[in-house]
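**Q** Okay, here's the prediction I keep looking at, along with the sequence it came from:
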Amino acid sequence: MDRNMPEKPLGVALIGTGFMGKCHALAWRTVAATFGGAHPRLEVLCDATQESAERHAAQFGFARSTTDWRAAVADPAVDVVSITTPNGMHRMMAEAALTAGKHVWLEKPMALTMEDAEAMADLAQQCPDQVTILGYNYTRSPAFQAAVQMVANGEIGTPLSFRGVYDEDYSADPNLPWHWRMTDEGGGLGALGDLGCHLVSQMIALMGPVAQVTAQTQIAVPTRHSTEGPKAVENEDSALALLRFASGAQGSFATSRVARGRKCRLQWEVHGSLGTLVFDQENMNELWVHRAGDAGFVRHLSGPDQPDFAVFCPAPGHNFGFNEQKVIEARDLCRAIAGGAPCGPDFAAGLEIERVIHAMARSNGTAVAL
Ligand SMILES: NC(=O)c1ccc[n+]([C@@H]2O[C@H](COP(=O)([O-])OP(=O)(O)OC[C@H]3O[C@@H](n4cnc5c(N)ncnc54)[C@H](O)[C@@H]3O)[C@@H](O)[C@H]2O)c1
């Protein structure tokens, strides 16, 4: 039982029932069972069609359903709004929720443009009693938490260099139909907004703020078919960047949504003056550590010695999973609402992530200072 969890039930509205909608719903249903505190009241579920809203409300255990997201956000029984809709809806939904006095759990990326993200961060700053958190779930795994702690403790000395990649192949097939993610108005940035922002969230947690980027982007499949005929792909399929951190350390960064064979290749390594850390999300229960003098790398397997593993499973080697990251994210949000430790990335920290990916998008091979 976590004494920092809410004693009174939080009323929840969930908007969207796709990949992330279900992930948020599972987290809301699990968070109190896992960590203690009052079980959230699942008040209202909103989706694009009434049939889907009703079906998912029944499946996920929400009391009511609607297709009117404005009504869901304004509902007096709702304290916190989970927003899991396409990127182009993030700003209007998050701003409406904040204006209605609600806490906000918003999926990444924060918004389509820097202007949108700045406006959202400004509004959040004007609502100091309301908690905001963005869906950077990969920062929650026990292996990643251990890596951050090891860097902070100086266990690998001074971080000198970061090398990171986030590749998937969900858009590699040129016959795949056009999708909202591929447009300026639906997706905003492409691979950078969908995948690269996750890598940036981890990179900043490990290395500190980014001072400069020099990047190139590429569209591999310029046109996709749709029911209305061929449509242009408006945002990047891949990006490459060199970085300089405020600490003086250097970095390299690559992301692609058209990398054949790659499924969730969120991989990075940090080279420090006394050691190196290596991580791969496809093997998310492992952190590989080299300390000066070792012959090679030692595998640190996540296990019940790590509190955020132990709450799910008392047995080593039984593995922590993707959806459990989201339960930890929900726990952090609940604690912050109950007045405990601040959680993040909030909208202010999310704005820093947006600055990095948008600087990469506009760099066109020249150095951009942040
Ligand atoms: N954190 C992560 O690891 C992660 C993974 C995937 C997606 N995402 C993010 O989550 C968001 C959603 O992605 P997804 O893959 O779940 O998309 P999706 O297409 O699977 O789901 C989107 C949902 O939004 C609903 N929706 C659309 N318009 C709506 C409206 N006007 N009112 C109510 N509901 C509406 C759709 O019906 C659908 O249920 C995106 O911002 C994406 O970047 C995050």
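**A** All right, it came through fine. Residues are numbered from 1 along each chain as shown.

**Q** what does the stretch 1-150 of the chain put close to the ligand?
**A** 15-21, 46-48, 69, 84-87, 107-108, 135, 137 (C-beta under 6 Å from any ligand atom). C-beta: built from backbone N, CA, C; applies to glycine.

**Q** Just the ones of those in helices?
**A** Mapping these onto helices (DSSP state H) picks out 19-21, 69.

**Q** In CSV, list those residues along with neighbour count, pLDDT and distance to residue 206.
**A** Below are those laid out as CSV (neighbours: other C-beta atoms under 10 Å; pLDDT from 0 to 100; distance: C-beta to C-beta, whole Å):
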residue, neighbour count, pLDDT, distance to residue 206
19, 9, 98, 26
20, 19, 98, 24
21, 23, 98, 30
69, 23, 98, 36
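
**Q** Looking at the residues of the stretch 1-150 of the chain next to the ligand, which are in strands?
**A** 15, 46 (DSSP state E).

**Q** What's the PyMOL line that selects buried ones from the residues of the stretch 1-150 of the chain next to the ligand?
**A** Provided next is the PyMOL selection string for whichever of these are buried by 16 or more other C-beta atoms under 10 Å:
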select buried, resi 15+16+17+20+21+46+47+69+84+85+86+87+107+108+135+137
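
**Q** Reformat the ones in helices among the residues of the stretch 1-150 of the chain next to the ligand as TSV; add distance to residue 100.
**A** TSV is the format used below for these (distance: C-beta to C-beta, whole Å):
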residue	distance to residue 100
19	26
20	21
21	20
69	11
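
**Q** Nearest to residue 78 among those residues?
**A** Proximity to residue 78 was ranked across these by C-beta to C-beta; first place goes to residue 69, at 11.4 Å.

**Q** What distance do you get for the closest one to residue 136?
**A** Going from residue 69 to residue 136 by C-beta to C-beta, to the nearest Å gives 23 Å.

**Q** again with residue 194
**A** Noted for residue 194: a distance of 13 Å to residue 136, by C-beta to C-beta.

**Q** list the contacts for the closest residue to the ligand within the stretch 51-200 of the chain?
**A** Going by C-beta to the nearest ligand atom, the ligand is nearest to residue 107 of the stretch 51-200 of the chain, at 3.5 Å. By C-beta atoms under 8 Å, 6 or more residues apart in numbering, residue 107 lies in contact with 20, 83-85, 90, 134-135.

**Q** right, and the pair among those residues with maximum separation?
**A** The largest distance within the contacts of residue 107, taken as C-beta to C-beta, falls between 85 and 134 and amounts to 14.0 Å.

**Q** from memory residue 346 sits against residue 127, does it?
**A** No. Assessed by C-beta atoms under 8 Å, residue 346 is found out of contact with residue 127, at 11.0 Å.

**Q** higher neighbour count, these two?
**A** More crowded of residue 346 and residue 127, by other C-beta atoms under 10 Å: residue 346, with 20 against 17.

**Q** For the residue most central in space within the chain, which non-adjacent residue is spatially closest?
**A** The residue lying closest to the centre of the chain (C-alpha atoms, centre = their mean) is residue 136, at 2.1 Å. For residue 136, ignoring the flanking residues on the chain, the nearest one in space by C-beta to C-beta, 6 or more residues apart in numbering is residue 201 at 4.0 Å.
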